[in-house]
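# mind looking at a prediction? Sequence and model below.
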Amino acid sequence: MTRFTVSYMSAVVLVAGTQVFALDLIKEGRPVSLIVVPDRATVLEKQSAEKLAKYLEMATGENLRVVNESSDLRGTIISLGRTRMAEAAGITEQGLKYDGYRMAVKAGTLYLRGRDTDLVGNYGGAQGSLRVVFGFLDRLGFRWLQPTPMGVYVPRLSSVAVPDDLNVVYAPPFMYVHGRFVNQGDWSMANSFRCAVRAFTAGGHTWVYGVPATLYEQHPEYFLMQNGKRVKPAQADNPQYCPTNPDLPKLVADWTIKKLDEGYDIVALGHSDGFQPCQCAECAKLSPADQVHNAQRKIVELVGRKYPDRKVHLLVYSPANKPPTLFKSYPPNTMVEVCLTETLQTQFGSHDKALDYWGTAVPGGMTVYAYYMGLYYDNGLAPRFIPSLAAAKLRNWHDHGVQGIYWCGGNENWGAEGPTYYTIGRMATNLALNPAEVYQEYINLTFRKAAPAMKQYYDLLYEQLESHRCWLDDWVMVGVGMGADETFAGLYSADTLLRLQRFLKAAREQAAGDSRALGWIRLAEISYSHYALIAKAFHFHRAYLLNPSAENLKQVRDAVDAYRTWSEETIQIPRKDKAFADNFFPGVGIWASDQLKTNYGHLNCEPFK
């Protein structure tokens with residue numbers, strides 16, 4: 001019989017010697033319970049009940065019926081959502097935060113109740129009914145390791161029961177964990193990659209919505225002045241402005257208010273990317289930072305007149321990294337999104353000091369925009385971020401009062417960074433977990449009998465990444481300003497590549513006959529081939545530069561050709577091996593791209609040119 005254990009989120013304390021009886025839901029292969037939803041259940045409540053039934057059937061082979069509350073209820077009841085019986089038992093949403101939830105047993109009924117809100121647009125809202133289902137299944141041993149059908153670990157259960165004094169209240173550490181990890185189905189929701197608030201983010205650059213580039217012909221005064229002339233926007237989606245123009249704050253505030261009218265609780269506010277300071281007479285009196293801050297404070301104040309209790313989400317980026325000099329803090333209806341860039345670190349001395357400042361200067365709360373993955377660094381698609389650092393960053397941010405995280409990058413290299421992505425999700429759900437145990441869990445459940453060899457493989461890979469940390473260690477790990485040659489040749493010596501290759505070979509031998517484990521090993525081999533073939537070409541090129549012989553030149557050409565041939569073959573995987581792509585290759589579209597041939601533009605150098 002499967003029993004719940006007391007977790008950090010549980011309000012139950014089991015004292016030695018205390019007898020706790022079981023409330024059976026499925027007993028010895030026989031369903032003895034019903035999943036009950038309100039008579040007027042929401043779409044979310046219905047979907048949540050169906051998922052609960054689906055996953056329990058996967059684990060036990062038994063199907064629990066989903067019925068309305070007014071049905072003939074016989075057997076143990078699992079009340080899901082805003083049922084009348086939940087209200088009568090005092091199991092409400094009161095006191096729940098974000099998409100938090102309660103799980104409790106009262107008078108022989110199991111109540112699953114999460115905080116739900118209406119969903120607005122594509123940017124979120126609380127889906128606590130769904131979160132409580134995943135929380136319940138998590139405690140039964142389910143794990144969502146990767147966002148594919150073969151990425152779900154389903155425990156084999158003959159019986160399912162809970163303690164009859166169960167009382168769990170879960171408060172999520174973050175209101176959102178967003179970025180390229182969302183929209184990955186059940187994997188995203190199970191691992192906290194969601195937005196539990198009604199927030200309009202739009203990448204943070206929102207002046208353009210209130211003052212579109214098309215206004216230039218009628219109102220050139222809204223736009224940037226340089227060398228005594230107004231500059232017509234070169235890009236419709238990225239115009240540059242005159243921040244002291246008196247109409248600009250009102251136009252942007254009007255647009256922001258319209259988004260709040262639609263039901264959003266938080267709306268992003270930020271200047272255009274690649275900010276250029278205006279040189280008009282009024283703007284010239286201000287620093288670039290004050291040009292931005294002064295305009296945005298006016299916008300926030302205008303919005304606050306109608307919606308004092310909703311938040312404007314201010315982007316701290318580019319010139320806005322610097323604090324304002326003409327005022328000390330923003331109004332209470334302001335949140336701040338701090339972009340963790342090199343510029344910010346240089347400005348404050350460290351990201352910690354920056355978070356300390358902005359957490360005080362902006363009273364409405366703080367989120368971060370994290371640049372730790374992504375394809376814009378010198379190592380392109382190759383790995384850079386490791387599980388232990390991911391866990392440390394999450395805890396650090398939470399300690400500084402960070403409420404939400406946007407990951408700029410990720411979901412790109414599951415073969416090399418899968419343990420990192422999983423660690424982010426698990427730790428963002430429960431910061432009290434042991435990161436080393438989360439990492440080991442991923443290895444064990446993904447590679448099964450091949451776990452020992454794959455643990456050696458990932459340990460060595462991550463040791464290399466850790467030992468080659470960029471000097472900007474508070475920002476990213478590798479691949480910043482190093483150049484592709486230094487990044488790959490420095491990270492992956494011949495000895496390191498040979499050792500990694502041996503571990504992968506050993507893993508294949510350990511996983512013999514296990515098609516599931518072999519599928520995930522194959523994905524790791526694809527990631528290995530990517531960085532190994534690039535590194536080999538750079539190693540041979542260095543040898544040629546030291547000894548420019550015809551023989552060495554041939555080795556360089558052969559290595560470059562090997563990478564190009566491998567790239568062509570990898571690009572064809574979705575077409576030639578769809579089953580593998582669907583089941584074992586998350587993010588396959590990023591690899592099945594012609595940009596793989598240049599490692600997303602980071603091989604425009606010798607010997608690849």
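Cool, the structure landed. Since the structure is predicted, the reported quantities are computational estimates derived from the model, not experimental observations.
# what residue ranges in the chain score low on pLDDT?
Low-confidence regions of the chain, defined by pLDDT under 70, span residues 1-21, 123, 471-481.
# quick check: domain ranges of it?
As recorded under automatic domain parsing, the domains making up the chain are 22-172, 205-335, 450-598.
# residue 495 is in what secondary structure piece?
Here residue 495 is covered by helix 494-510, with elements defined by DSSP states H and E.
# returning to what we had before: residue 428 is nearest to which of the domains of the chain?
Across the domains of the chain, residue 428 has its closest neighbour in domain 22-172 (8.3 Å, C-beta to C-beta). Just so you know, the C-beta spots here come from the backbone N, C-alpha and C atoms, and that holds for glycine as well.
# show me where the stretch 101-250 of the chain has its helices.
Counting by DSSP state H, counting those that start in this stretch, the stretch 101-250 of the chain forms helices over residues 128-140, 186-190, 207-210, 247-261, given from the N-terminal end onward.
# list the helices and strands the third one packs on?
Helix 207-210 sits against helix 247-261, with contacts defined as 3 or more C-beta pairs under 8 Å, 6 or more residues apart in numbering; DSSP states H and E.
# so which elements touch the helix it packs on?
Looks like helix 247-261 contacts helix 207-210, strand 266-269, helix 288-306 (3+ C-beta pairs under 8 Å, 6+ apart).
# single out the most deeply packed of those.
Per residue and on average, the most neighbours among the helices and strands packed on helix 247-261 fall to strand 266-269, with a mean of 27 (mean count of other C-beta atoms under 10 Å).
# centre of the chain to that one, how far?
Distance, stretch centre to chain centre, for strand 266-269: 19 Å (C-alpha atoms, centre = their mean, to the nearest Å).
# dump the C-alpha coordinates for that strand into CSV.
As requested, the backbone C-alpha atoms of strand 266-269 are provided in CSV (Å, rounded to 0.1, in the frame of the first residue of the first chain):
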residue,chain,number,x,y,z
ILE,A,266,0.2,43.0,-13.7
VAL,A,267,1.3,44.8,-16.9
ALA,A,268,4.9,45.2,-18.1
LEU,A,269,6.4,48.6,-18.6
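# ok, and what's touching that strand?
Outside of strand 266-269, the residues within contact range by C-beta atoms under 8 Å, 6 or more residues apart in numbering are 197-204, 206, 252, 256, 259-260, 296, 299-300, 303, 310-315, 335, 337.
# coming back round to it: want to throw the domains of the chain into CSV with distance to residue 419?
As requested, the domains of the chain are exported to CSV (distance: least, C-beta to C-beta, whole Å):
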stretch, distance to residue 419
domain 22-172, 10
domain 205-335, 30
domain 450-598, 6
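# which one of the ones you listed lies closest to residue 353?
Nearest to residue 353 among these is domain 450-598; the distance by C-beta to C-beta comes to 10.0 Å.
# got the end-to-end distance for that closest one?
32 Å (C-alpha to C-alpha, to the nearest Å).
# returning to what we had before: tabulate the helices and strands packed on helix 247-261 (TSV), appending distance to residue 518.
Shown next, in TSV, are the helices and strands packed on helix 247-261 (distance: least, C-beta to C-beta, whole Å):
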stretch	distance to residue 518
helix 207-210	49
strand 266-269	44
helix 288-306	53
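# for residue 409, find the nearest of these.
Of the helices and strands packed on helix 247-261, nearest to residue 409 by C-beta to C-beta is strand 266-269, at 19.0 Å.
# what pairs with the closest one, parallel or antiparallel?
Taking DSSP bridges as the criterion, strand 266-269 forms sheet pairs with strand 199-200 (parallel), strand 311-316 (parallel).
# what's the next helix or strand after the last one packed up against?
The first helix or strand that comes after strand 311-316 along the chain, using DSSP H and E, is strand 334-340. Strand 334-340 is packed against strand 311-316, helix 351-361, strand 366-370, strand 402-407, with contacts defined by 3+ C-beta pairs under 8 Å, 6+ apart.
# what pairs with strand 334-340, parallel or antiparallel?
Pairing partners of strand 334-340, with direction, according to DSSP bridges: strand 311-316 (parallel), strand 366-370 (parallel).
# what's it in contact with?
The set of residues that contact strand 334-340 without belonging to it, under C-beta under 8 Å, 6+ apart, is 204, 266, 268, 270, 300, 311-317, 321, 330, 344, 351, 354-355, 358, 361-371, 403-404, 406, 474-475.
# if we use 7 Å, what do you get?
Counting by C-beta atoms under 7 Å, 6 or more residues apart in numbering, strand 334-340 makes contact with 204, 266, 300, 311-317, 344, 351, 354-355, 358, 362, 364-371, 475, all of which sit outside it.
# now the strands paired with strand 334-340 as JSON lines including mean neighbour count?
Listed next are those as JSON lines, based on neighbours: other C-beta atoms under 10 Å:
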{"stretch": "strand 311-316", "mean neighbour count": "27"}
{"stretch": "strand 366-370", "mean neighbour count": "24"}
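# adding distance to residue 237, write those out as CSV.
Written out in CSV, the entries for the strands paired with strand 334-340 read as follows (distance: least, C-beta to C-beta, whole Å):
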stretch, distance to residue 237
strand 311-316, 16
strand 366-370, 19
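# to residue 580, which of these lies closest?
Closest of the strands paired with strand 334-340 to residue 580 is strand 366-370, at 30.9 Å (criterion: C-beta to C-beta).
# show me what the longest helix along the chain is packed up against.
Identified as the longest helix of the chain according to DSSP state H is helix 515-546. Based on contacts counted as 3 or more C-beta pairs under 7 Å, 6 or more residues apart in numbering; DSSP states H and E, the elements that helix 515-546 packs against are helix 414-429, helix 435-447, helix 483-491, helix 494-510, helix 550-571, helix 578-584.
# so what's the gap between it and the chain middle?
Counting by C-alpha atoms, centre = their mean, helix 515-546 is centred 27 Å from the centre of its parent chain.
# specify the angle between it and helix 414-429 in degrees.
Helix 515-546 and helix 414-429 meet at an angle of 120 degrees, taking axes from the mean of the first three to the mean of the last three C-alpha atoms, to 10 degrees as the criterion.
# just want the angle from helix 515-546 to helix 550-571.
Here the directions of helix 515-546 and helix 550-571 differ by 150 degrees (the same axes, to 10 degrees).
# what are the buried residues along helix 515-546?
Buried residues in helix 515-546, defined by neighbour count with 16 or more other C-beta atoms under 10 Å: 517-541, 543-544.
# same question for stretch 490-502.
Within stretch 490-502, the residues that qualify as buried are 490-492, 496-497, 500, counting by 16+ other C-beta under 10 Å.
# which residues does it contact?
Residues beyond stretch 490-502 that count as contacts (C-beta under 7 Å, 6+ apart) turn out to be 457, 460-461, 464, 468, 478, 528, 531-532, 535, 539.
# thinking again about what came up before, could you dump the buried residues of stretch 490-502 into a markdown table and include distance to residue 91?
As requested, those are arranged in a markdown table below (distance: C-beta to C-beta, whole Å):
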| residue | distance to residue 91 |
| --- | --- |
| 490 | 57 |
| 491 | 53 |
| 492 | 55 |
| 496 | 55 |
| 497 | 56 |
| 500 | 51 |
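# now flag whichever of those residues is closest to residue 165.
Proximity of the buried residues of stretch 490-502 to residue 165, judged by C-beta to C-beta, is greatest for residue 500, which lies at 50.0 Å.
# list phi and psi for the spatially closest residue to residue 240 that is not a sequence neighbour.
If the residues on either side of it in the chain are set aside, residue 240 comes closest to residue 224, at 3.9 Å by C-beta to C-beta, 6 or more residues apart in numbering. Backbone geometry at residue 224, expressed as degrees, to the nearest 10, gives phi -50, psi 140.
# would you enumerate the residues in contact with residue 224?
If you count contacts by C-beta under 7 Å, 6+ apart, residue 224 has them with 231, 240-242, 276, 278.
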